[in-house]
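# give me a 3D structure for the following:
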Amino acid sequence: MVLGVTDALPRRVVGTRAFDSIERTKAGLIERLRLRIDVDELAHPDGRVVVFHVPSRPLGYPIAYNGAYWMRGGEALVPMTPDLLKRIFEEAQPDFSAEICPHARFEDLSPAAIERFVLGGRRNRRQQRLLNFRPTGCWAMPNWFSTVE
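Presented below is the predicted three-dimensional model:
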């Protein structure tokens, strides 16, 4: 979030007098939200600019303020609906695909499914370790990973 810059294009620095004590503002945000929000103050020839670096909500953890969990409803903030809160809390539940199947055998694996998983992971930044995956050993069987470069 940027304060001290116009909303309309082309954007111009107009300056702001909001949040004159940056350290007090940061401390207040942490105290109220229990979430670290970094704040930068920029001195520009046309006025002071304040930039709030607001992180994504932690997985499975809605952010409460004044006893309620808030969300955007158009231009307003409204309390979160029960179904949205349920979905957020469920994010922290274990992922069945991360569980080990103790009786699985190598023959149970589908080469096509593994290839789709690896190729899909290469497009997903959250799975960086797959970016350099190269099949070796039993994974490098003939016809496996036919499209993996």
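# which one is residue 16 nearest to, not counting chain neighbours?
residue 4 (3.7 Å; CB to CB, 6 or more residues apart in numbering). For the C-beta atoms, the positions are set from N, CA and C on the backbone; glycine is no exception.
# give me the pLDDT value at the one you found.
For residue 4, the model assigns a pLDDT of 97.
# is residue 46 in contact with residue 14, as I believe?
Yes - with contact defined as CB atoms under 8 Å, residue 46 counts as touching residue 14 (6.8 Å).
# which of the two has more residues huddled nearby?
residue 14 (14 against 11; other CB atoms under 10 Å).
# so that one sits against residue 47, correct?
Yes - in this structure, residue 14 is within contact of residue 47 by CB under 8 Å, at 5.7 Å.
# any residues in contact with both of the two?
residue 4 (CB atoms under 8 Å, 6 or more residues apart in numbering).
# any idea which helix or strand in this protein has the lowest mean pLDDT?
helix 111-123 (a mean of 71; mean pLDDT, DSSP states H and E).
# now do the buried residues in the strand or helix carrying residue 42.
Residue 42 belongs to strand 38-44 when assigned by DSSP states H and E. By neighbour count on 16 or more other CB atoms under 10 Å, the buried set for strand 38-44 is residue 39.
# so in that sheet, which strands flank it, and in what orientation?
strand 47-53 (antiparallel) (DSSP bridges).
# skip ahead from the strand it pairs with and say which helix or strand is next.
Next element after strand 47-53 (DSSP H and E): strand 64-65.
# and the spatially most central residue of the chain, how close does it get to residue 35?
Closest residue to the average C-alpha location of the chain: residue 56 at 4.7 Å, with CA atoms, centre = their mean. Here the distance between residue 56 and residue 35 works out to 10 Å (CB to CB, to the nearest Å).
# now stretch 16-27: buried residues?
Going by 16+ other CB under 10 Å, stretch 16-27 has these buried residues: 16, 19, 25-26.
# go ahead and name everything in contact with it.
3-4, 37-39, 41, 47-50.
# including distance to residue 86, could the residues you listed go into TSV?
Below are those laid out as TSV (distance: CB to CB, whole Å):
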residue	distance to residue 86
3	34
4	39
37	26
38	31
39	32
41	39
47	44
48	42
49	39
50	36
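# the nearest residue to residue 52 once chain neighbours are set aside: what's it in contact with?
Excluding the flanking residues, the one nearest residue 52 by CB to CB, 6+ apart is residue 1, at 4.3 Å. By CB under 8 Å, 6+ apart, the contact set of residue 1 is 51-52, 54.
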